[in-house]
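>>> output the structure for:
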Amino acid sequence: MYNVSKINIAMLRKLLIFSVVMFAFGYALVPFYEKFCEVAGINNLLKPDVADKDIKVDTTRLVMIQLDSNVRGLPWQFKALQPNIKIHPGESIEVMYEIRNNSDQETSGQAIPSYSPRVLEKYLKKFECFCFTKQVLKPGEIRQMPVKFVIDSQIPADITTMTISYTFFSLGAVN
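Numbering: from 1, shown residues only. Below is the predicted model of the structure:
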């Protein structure tokens, strides 16, 4: 006949070992995921692109780019200084955004880009962007931030209007 307390202690040990293994597995997933994305060439939205010297400007057409800006969970105002622009594919451009911290404390946020149509991601090359790094704003601070990019001239001709959107998400108050 088994002693109930021995069975309980054995079960507790197994559960403790299982919990430690699962914690370690969860902790190790982040670097595995980052390496997988690096190897697969996905999820590289927050890294600068390399300038391609062979991109030719297509002066035969213009594309309309709508610049969208949003904030989630932050007391910030965020806007593009030009809500839309027209450029020739292959032409390098710089657009400015303005951000303002409306709170009385220092806060931080990270901008995440999204594109429409989705295929734009393949043809948009960003050289400089505030989305590459965390932004920390002091109380009442106003900052202008550039985005430098080019739309590859190989973008399909039927795409004449596109949207580049940035959404700032809260990283919390800075202590």
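>>> can you list the domain ranges for the protein.
Domains of the chain are assigned by automatic domain parsing as 1-43, 63-173.
>>> mean pLDDT and mean neighbour count added to those, as TSV?
In short, each C-beta sits where N, CA and C put it, glycine included. Below are those laid out as TSV (pLDDT from 0 to 100; neighbours: other C-beta atoms under 10 Å):
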stretch	mean pLDDT	mean neighbour count
domain 1-43	80	10
domain 63-173	91	16
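>>> just say helix, strand or coil for residue 10.
State at residue 10, reduced to three classes by DSSP: H, G, I helix; E, B strand; the rest coil: helix.
>>> can you check the one 4 residues further on too?
Following three-state DSSP, we place residue 14 in the helix state.
>>> now the helices for the chain?
4-40, 120-123 (DSSP state H).
>>> dump the domains of the chain to a markdown table, plus distance to residue 57.
Below are the domains of the chain laid out as a markdown table (distance: least, C-beta to C-beta, whole Å):
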| stretch | distance to residue 57 |
| --- | --- |
| domain 1-43 | 26 |
| domain 63-173 | 4 |
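>>> residues touching the longest strand seen in the chain, excluding its own?
Longest strand of the chain, by residue count under DSSP state E: strand 161-173. The contact list for strand 161-173 (C-beta atoms under 8 Å, 6 or more residues apart in numbering) reads 63-74, 76, 78, 97, 99, 105-117, 120, 124, 130-131, 134-135, 147, 149, 151.
>>> with adjacent residues omitted, what lies nearest to residue 69?
Leaving aside its chain neighbours, residue 69 sits nearest to residue 78 (4.6 Å; criterion: C-beta to C-beta, 6 or more residues apart in numbering).
>>> and what of residue 99?
residue 78 (4.9 Å).
>>> thought the one you found was touching residue 72?
No - under the criterion of C-beta atoms under 8 Å, residue 78 makes no contact with residue 72, lying 10.3 Å away.
>>> closest to the centroid, which residue in this structure?
With distances taken as C-alpha atoms, centre = their mean, residue 112 lies nearest the centre of the chain, 2.9 Å away.
>>> identify the bridge partners of it.
Beta-bridge partners of residue 112, counted by DSSP bridges, are residue 167.
>>> could you measure from it over to residue 100?
19 Å (C-beta to C-beta, to the nearest Å).
>>> can you list contacts of stretch 57-76?
77-80, 82-91, 95, 97, 99-103, 107, 109, 137, 151, 153, 155, 157, 159-170.
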